[in-house]
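Colleague: how would this look folded up:
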Amino acid sequence: MRVHSETTTLAAAPGDDVHVDVVVTNTGDVIDGVTVVVHGIDAAHVTSTPAVLPLFPGESGRVALRVAVPASFPAGRHVLDAEVRSSAPNARAEHLDVELAVAARPRLALTVHPPVQRRRGHSRHRVECHNGGNVPLSVVLGANDPDSAVQAAVDRPALTVAPGRTATAMLTIRAARRLLGNDVDRPVNVHATATATGYAGGGLVSGRGPAVVEEDAPAVLRHRPVVARGVLTAGVLLLIVGLWAAAFLVGLETVFARDRLTKTAPPSFFLAAAGEAAPRDARARIAAVPAGLRGEIAGTVRARRSRAPVGRVVVTARLRHGAGFAATAATQADGSYVVTALPLGTYCVDFAAPGFAPKAASCVAVAPQQATRLDAEVDGRAATVSGSVDTGGPAPFPVTTVEVRAAAGGAPVATVRTDRRGRYRLTGLPAPARYLLRFRAPGYRPATLAVTAEAGGRHTEPAVRLSAGEGTIAGTVVDATAGTPLGGVTVSTSRTGEVLATETPTLGRPGRFALRGLATPGTYLVTFTKPGYGAGTLVVRLGPGGSATRTVRLRSGAGAVTGMVTDAAGAPLGGVTVTAGGSAVPARTTTLTDGDGKGGYALAGLPVPGSYTVTFRLPGYADRTVPVVLDRATPSATVSAVLAPDVGGIDGTVEECSGKAVAGATVSVTDGRTARTAVSAADGTFGVGGLRPATYTVTVSREGRGSRTTLVEVRAGRRTPVTVGWGSRCG
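Modeller: Now for the predicted structure:
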């Protein structure tokens, strides 16, 4: 059968239905029932109408496929394999590839557990990022305090979340301890920016670039004081009592003391006067900087080689002089970052990301209410890309040249060759970058693969299927006696079940022929016929994408016999010896063993007129002989043969003369060279198979009752019945 579809590419969003029609043509000789099974997606999401398509020989029909794309189906480009199955025995299934392009639908759910915590100095909250879409998400987390009253930080500011999975990070909120007062809520907003990246196809199906989803979730630190309100009240009462007692004691001591009291204080208690150095044991007094006097550092991080922006780079700003204050942020997909709410001072900023070499810190000064610009370039570690090629046939595969170019164009970056098993490996590729891999092999169509190489990544790509190029058989047909080109010669062969024919021209370039578009690799039986001339044949084996040029000589007054040899099930038989007897020198050939012409043969150069006997022989099959007559009116003939297995068998029954079955009798079958033995069943029956055509002696014996012998002729492909009578009165 032959299969094709007008639609080979489908575009859909998750949850949509797409439709494709598969057109099937029955090229066989029997009524067929065709079913279609789609691989690459769950069968529960595919509906075939009709479920079974009945087709008469030569008839074409259409099967409508409806594919319901699940909401969670991964985004990108997928190849769906529509396998078309025939109900005919030993029929080969046909395959049709349909590319399904699924659009990305990024979804992110951001939650904080617990949302509120009552603590004195700091609290920890679990931040959960759940990917409810159909593409991996690159999530950048940040936390900010709108009142600038606390410090909030996330331990994992950059996350990668697969579809249907949940990633977590810990949020820490810190506040200065409060000695007295009531509980105060310190709200913090957790912000997540998710970029849909990393799915099949290298970009969104729509081609508009990665989709971005932003979500916010609140977290609250319920700031409790060190001393509760009740304890404060009790403390005030105790303080009043203590003050009264102290007053009495001080008064009494002042009145009754002999020496005058003096007071002393350490030097660090006083501020140094103008122009004087601070005391050696003085300590610096640090106060909170008002929010309006803070600044920020912003910039863009790019890869040094490709100049492409780099996302998910962790940016850390540390105060060069101070109490070890540090703030962090992460770059977005476009490489930009912002470190906000920085107290005034000089900061040293470093950049770190997986796959990139660490970058030395750069120091900048932060001015109040200003964004200090600091761009950076990072060196990505080289990437490795490996994979294989496949031709659909057995190994070894042809040596294929793999050429690597940057997706933006330019000279080749690297070139390697595959080994005999079709494997290749590319090392030292500058990354991050996007490359196009082009595969070339003699006789095969070029193939291209797009690869995104991450910095320091080791990528294993799927096998690339190489399709063999089309082949050509060309040449010239000439008269065998005169040597002149012959026009009007019909040249024919079969291609994937279809007959391909052409005719040599009589003007211009007479005798020339060309059969193009032949599937390779394969073996073709080419037939040449012209009225008044004997048919000519040519067996041509084409390699992948190969071509052949031949000169064919036709002899007038000569004939030919062509045809096909099959078994009883209709499968073609290769290697059958075909002999045409009846001439002085018998013509002999064998049927083709592979390709579209398997089982076909051609005997050319037979004298006309003449009567011939065409004999077909193949080990394991019975010989077949067919008579054929050739004359000047019909110098060629088509003779096809069906060969039956060259074995037979005996199915017998052992019974008394009265007709009663005899069980347990020993049955011996021999032709004088080999012997087979069987035992009769309870109903008296027995069977012996695998016998070559001959006359066999069947002996039935039973202990204490003698034996009985009869002769049976076994024919090829048949089970010969026989009944053996028991007893002295049986004939």
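
Colleague: And the one helix or strand Gly536 maps to, how far out from the chain middle?
Modeller: Using DSSP states H and E, Gly536 sits within strand 533-542. Distance of strand 533-542 from its chain centroid, counting by CA atoms, centre = their mean, to the nearest Å, is 43 Å.

Colleague: Repeat that for stretch 565-572.
Modeller: That offset, for stretch 565-572, works out to 37 Å (CA atoms, centre = their mean).

Colleague: before we move on, back to that, buried residues in the strand holding Gly536?
Modeller: 533-540, 542 (16 or more other CB atoms under 10 Å). C-beta here means a position set from N, CA and C on the backbone, and glycine is covered the same way.

Colleague: Tell me which residue is most central in this protein.
Modeller: The centroid of the chain falls nearest to Pro462 when counting by CA atoms, centre = their mean (6.0 Å).

Colleague: How about the secondary structure of that residue?
Modeller: coil (DSSP: H, G, I helix; E, B strand; the rest coil).

Colleague: burial of the closest residue in space to it that isn't next to it in sequence, as a residue count?
Modeller: Using CB to CB, 6 or more residues apart in numbering and skipping residues adjacent in sequence, the residue nearest Pro462 is Gly387, 6.9 Å away. The number of residues packed near Gly387 is 21, by other CB atoms under 10 Å.

Colleague: ok, back up a step: would you mind putting the buried residues of strand 533-542 into TSV with distance to Arg178 and pLDDT alongside?
Modeller: Output for those, formatted as TSV (distance: CB to CB, whole Å; pLDDT from 0 to 100):
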residue	distance to Arg178	pLDDT
Tyr533	113	79
Gly534	113	75
Ala535	108	76
Gly536	107	82
Thr537	104	82
Leu538	101	85
Val539	98	87
Val540	95	90
Leu542	89	89
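
Colleague: Just the closest of those to Ala406, please.
Modeller: Leu542 (37.0 Å; CB to CB).

Colleague: correct me, but the closest one touches Thr549?
Modeller: No: with contact defined as CB atoms under 8 Å, Leu542 does not reach Thr549; the gap is 11.8 Å.

Colleague: related to what we said a few turns ago, what strand or helix carries the residue nearest to Pro462?
Modeller: Assigned by DSSP H and E, Gly387 falls in strand 383-390.

Colleague: From the contact counts, what lies against that strand?
Modeller: Contact here means 3 or more CB pairs under 8 Å, 6 or more residues apart in numbering; DSSP states H and E; on that basis strand 383-390 packs against strand 423-429, strand 433-440, strand 447-453, strand 458-460, strand 464-465.

Colleague: in which helix or strand would I find Val227?
Modeller: Assigned by DSSP H and E, Val227 falls outside every helix and strand.

Colleague: and it, how many residues sit next to it?
Modeller: 14.

Colleague: now Pro343
Modeller: With other CB under 10 Å as criterion, Pro343 counts 17.

Colleague: can you check Lys359 too?
Modeller: Burial measure for Lys359: 18 neighbouring residues, criterion other CB under 10 Å.

Colleague: From Phe325, how far off is the closest residue to it other than its chain neighbours?
Modeller: Once flanking residues are discounted, Lys359 sits nearest to Phe351: 4.7 Å by CB to CB, 6+ apart. Distance of Phe351 to Phe325, given as CB to CB, to the nearest Å: 19 Å.

Colleague: and those two? which has more neighbours close in?
Modeller: Phe351 (23 against 14).

Colleague: which stretches of the stretch 51-200 of the chain have low pLDDT?
Modeller: Applying pLDDT under 70 to the stretch 51-200 of the chain picks out residues 198-200.

Colleague: all helices for it, in order.
Modeller: Assigned by DSSP state H, counting those that start in this stretch, the helices in the stretch 51-200 of the chain number zero.

Colleague: Equivalent analysis for the chain, please.
Modeller: Along the chain, counting by DSSP state H, helices occupy 229-256.

Colleague: Can you report how many residues neighbour Pro627?
Modeller: 11.

Colleague: Just to check, it is in contact with Thr615?
Modeller: No: counting by CB under 8 Å, Pro627 stays clear of Thr615, with 10.3 Å between them.

Colleague: Overlap of the contact sets of the two?
Modeller: When CB atoms under 8 Å, 6 or more residues apart in numbering defines a contact, no residue borders Pro627 and Thr615 alike.

Colleague: what about Ser48, distance to Val36?
Modeller: 5 Å.

Colleague: So between these two, which is more surrounded?
Modeller: Neighbour comparison, Ser48 and Val36: the larger count goes to Val36, with 23 against 18 (by other CB under 10 Å).

Colleague: List the contacts of the residue nearest to Pro462.
Modeller: Gly387 touches 423-424, 449, 460-464, counting by CB under 8 Å, 6+ apart.

Colleague: Arg719 now?
Modeller: 648-651, 687, 689.

Colleague: Show me just the buried residues among those residues.
Modeller: 648-650.

Colleague: can you put those in JSON lines and add distance to Ser701 and pLDDT?
Modeller: Formatted as JSON lines, these follow (distance: CB to CB, whole Å; pLDDT from 0 to 100):
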{"residue": "Gly648", "distance to Ser701": "23", "pLDDT": "83"}
{"residue": "Gly649", "distance to Ser701": "21", "pLDDT": "87"}
{"residue": "Ile650", "distance to Ser701": "16", "pLDDT": "89"}
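
Colleague: which ones among these are found in strands?
Modeller: Secondary structure assignment (DSSP state E) places 648-650 from these within strands.

Colleague: count of residues packed around the residue nearest to Leu618 when sequence neighbours are not counted?
Modeller: Leaving aside its sequence neighbours, Leu618 sits nearest to Val576 (CB to CB, 6+ apart; 4.5 Å). Val576 has 23 neighbours, counted by other CB under 10 Å.

Colleague: so what's the backbone phi/psi at Val576?
Modeller: phi -80, psi 130 (degrees, to the nearest 10).
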